[in-house]
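J.: Test case, fold it:
(one chain, ligands or ions: 1)
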Amino acid sequence: MSLVALVASTTRARAATAAASRTALIRRGVRMYTTEAPVQPAAAEAPRPSKWARRLKWTAYAAGAVAVVGGVLAYRHHPMPQQEPDPTKKTLLVLGTGWGAISLLRRLDTSEYNTIVVSPTNFFLFTPLLPSVTTGSLESRSIITPIKYFLRFKPFGIKFVEAESTQIDPASKTVEILDSGEVHGAITKTRLPYDYLVIGVGAESQTFGIKGVREFGLFLKEIRDARKIRTRLMDCIETAAFPGQPDDEIRRLLHMVVVGGGPTGVEYAGELHDFLRGEVDKWYPEIAPHLKITLIEALPHVLPMFSREMIEYTEKSFADMNIDLLANTAVQEVRAKELVVKDTKSGATREVPYGMLVWATGNTMRPVIKDLQARFADKGQSNRRGLVVDEYLRVAGMPDVWALGDCTATAFAPTAQVAAQQGTYLARQLNDLARTNRTGNDILATCPPFDYKHRATLAYIGDERGVSDVSLPFWSNMVSFAGYQSYLFWRSAYLSNLYTLRNRALVAFDWTKEKLFGRDISRE
Ligand SMILES: Cc1cc2nc3c(=O)[nH]c(=O)nc-3n(C[C@H](O)[C@H](O)[C@H](O)COP(=O)(O)OP(=O)(O)OC[C@H]3O[C@@H](n4cnc5c(N)ncnc54)[C@H](O)[C@@H]3O)c2cc1C
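T.: From the prediction side, this is the model:
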């Protein structure tokens, strides 16, 4: 017998002896502990489907997916016929196509109203991603949605008029509108009558009347602002690279100043940092060492609406990224090439040369709202932040007029979250109002007042870092987290919050494009 056969037969004999003694012990009631899994009888195996059956199954899955995507696309390109709005119904006039108005229109039962929308922009702008457009991380068209994409899919048509409302007259129940586009026809101004009016015109950038801001500063509120910033940024860089440019002038041209330490200013500074470090370092190495970003804030800290830890994390990250934070500093005057700033503690003033200035210090009322307020000052309309509304969003002193979003003065922060929730609330109220044949003033009869549910405060701060304060359902405390996870959370939250599949696809595509090829540095 060979050695191998001998070892095998010995092992078999030992295993048989062990099994016999185990059986004997079990019969005597002694429990055995073993690390080996008990041997199960082999289960009867289901017959494996044939190769053709498997192929057929996967083909059916693929065909199903193609049919669903194709169906959605076909529906988007060829929407069902839409019914004409009923002129005998009450006329609901909506001013604006921003967060508040779109949220309202998406949920409004259009069969109940003869609805008209007036806005100078024929699209909805997803503002939270606007800072990314200034540096080319996202293309401007990726974050706007034509208003028709929303209105065309309602069962009853909604009339859209591209115009600016210039005067609201609650006494005659009319709104004066002006064609503010560049191309004009025979008529540019008219008055639209309404039964119910919803004002959602947003706000303008606040300058506090500081000299030179409108003339030399750039704002970040509209899509055209982001395009202007992108152009100016590249202009500063190319001018700094002009042959023979003196060092002092290069330093001035490459000094980018952001005024305002709220989310818009902080996010813009972060995006700018990524652009300068990611693109200018690579493509303009000769001038890149002179690049500098300064963020000026009048308060002691940035991001006042965030938790303490998130504020500290942001300020520390800015120090890591070489973004100069000038806190407790107020801008007193803006000149063509320098700012005059004052230290609010010591009172000392100094001049700060700059190449580009982005001004992001909050909101002020639009002219149409200022004008309306001035005429209703004696009816409780004297709040400098916006229109005074009650807890049902009815404008004080004006029957059948509601207002929402940034044009109002409420206890809530001027955010997209608030405006969108107000839009949803108002749509429910108006649907209810029409179905129960009540009038605008009877709304108190059944509707609960508006109740804001805060979900999260998020910001991108640059260098693939984010800060998040998130409210969880059934949990009274806020959950805060910062860094790379927060950046991923910020991205996924905004990607999923974009209103259309088209915008989600475009934004995802832009982000992928940026990762693969970098940002486009051509000057438009
Ligand atoms: C850069 C940036 C980033 C932001 N990031 C966030 C964020 O991350 N999270 C968040 O919650 N909020 C964010 N916000 C704030 C948020 O965008 C606003 O609070 C929100 O847009 C307010 O919605 P609204 O409907 O009141 O006004 P808007 O969305 O500003 O819409 C106003 C609408 O009215 C139209 N309009 C203007 N004038 C007239 C007129 N005279 N007549 C008729 N229509 C008119 C405009 O064209 C526009 O369609 C950000 C804002 C900016 C600028």
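J.: near the ligand, which residues of this structure show up?
T.: When proximity is defined by Cβ under 6 Å from any ligand atom, the chain lies next to the ligand at 95-101, 118-121, 127-128, 130-131, 164-165, 200-202, 220-221, 263-264, 366, 368, 405-407, 414-417, 419. Just so you know, the C-beta spots here come from the backbone N, C-alpha and C atoms, and that holds for glycine as well.
J.: Among these, which lie within strands?
T.: 95, 118-119, 164-165 (DSSP state E).
J.: what mean pLDDT does the helix ranked longest in the chain have?
T.: Counting residues, the longest helix found in the chain (DSSP state H) is helix 51-77. On average, the pLDDT along helix 51-77 is 84.
J.: neighbours of residue 503, just the number please.
T.: For residue 503, the neighbour count with other Cβ atoms under 10 Å is 21.
J.: Measure how the helix or strand where it lies sits relative to helix 51-77, angle-wise.
T.: Take DSSP states H and E as the rule and residue 503 turns out to sit in helix 501-517. If you take axes from the mean of the first three to the mean of the last three Cα atoms, to 10 degrees, helix 501-517 sits at 110 degrees to helix 51-77.
J.: quick one: helix 501-517 to chain centroid distance?
T.: Offset of helix 501-517 from its chain centre (Cα atoms, centre = their mean, to the nearest Å): 16 Å.
J.: Neighbours of whichever residue of the stretch 301-450 of the chain sits closest to the ligand, how many?
T.: The stretch 301-450 of the chain approaches the ligand most closely through residue 405 (2.0 Å), counting by Cβ to the nearest ligand atom. By other Cβ under 10 Å, the residues close to residue 405 number 29.
J.: wait, it sits on residue 414?
T.: Yes - counting by Cβ atoms under 8 Å, residue 405 touches residue 414, with 7.5 Å between them.
J.: Now do the same contact list for the residue sitting nearest the centre point of the chain.
T.: For the chain, the residue nearest the mean C-alpha position is residue 128 (2.8 Å; Cα atoms, centre = their mean). Residues near residue 128 by Cβ atoms under 8 Å, 6 or more residues apart in numbering: 416, 494, 497.
J.: Same question for residue 206.
T.: Per Cβ under 8 Å, 6+ apart, neighbours of residue 206: 361-364.
J.: same question, residue 281
T.: For residue 281, the contacting residues are residue 288, by Cβ under 8 Å, 6+ apart.
J.: just checking, next helix/strand downstream of the helix or strand where residue 430 lies?
T.: Here residue 430, judged by DSSP H and E, is contained in helix 416-435. Counting by DSSP H and E, the next helix or strand C-terminal to helix 416-435 is strand 456-462.
J.: Counting by contacts, list what that following strand packs against.
T.: Packed against strand 456-462 by the contact rule (3 or more Cβ pairs under 8 Å, 6 or more residues apart in numbering; DSSP states H and E) you find helix 263-275, helix 308-320, strand 465-471, helix 484-497.
J.: just so I know, which of the ones you listed lies nearest residue 174?
T.: helix 263-275 (35.0 Å; Cβ to Cβ).
J.: What count of nearby residues applies to residue 189?
T.: 10.
J.: Look up the residues forming beta bridges with the closest residue to it other than its chain neighbours.
T.: Excluding the flanking residues, the one nearest residue 189 by Cβ to Cβ, 6 or more residues apart in numbering is residue 178, at 5.1 Å. Using DSSP bridges, the beta-bridge partners of residue 178 come out as residue 164, residue 189.
J.: per-residue confidence at residue 178?
T.: So residue 178 comes in at 97 (pLDDT).
J.: List the contacts of it.
T.: Going by Cβ under 8 Å, 6+ apart, the list of residues near residue 178 reads 163-166, 188-189.
J.: Could you do residue 460 as well?
T.: Contact partners of residue 460, counting by Cβ under 8 Å, 6+ apart, are 131, 267, 270-271, 466, 487, 490.
J.: Neighbour-wise, give me the winner out of the residues you listed.
T.: Top of the contacts of residue 460 by neighbour count (other Cβ under 10 Å): residue 270, with 30 neighbours.
J.: how near is the closest residue to it other than its chain neighbours to residue 508?
T.: In space, and not counting its chain neighbours, residue 270 is closest to residue 462: 2.8 Å by Cβ to Cβ, 6+ apart. Applying Cβ to Cβ, to the nearest Å, the value for residue 462 to residue 508 is 21 Å.
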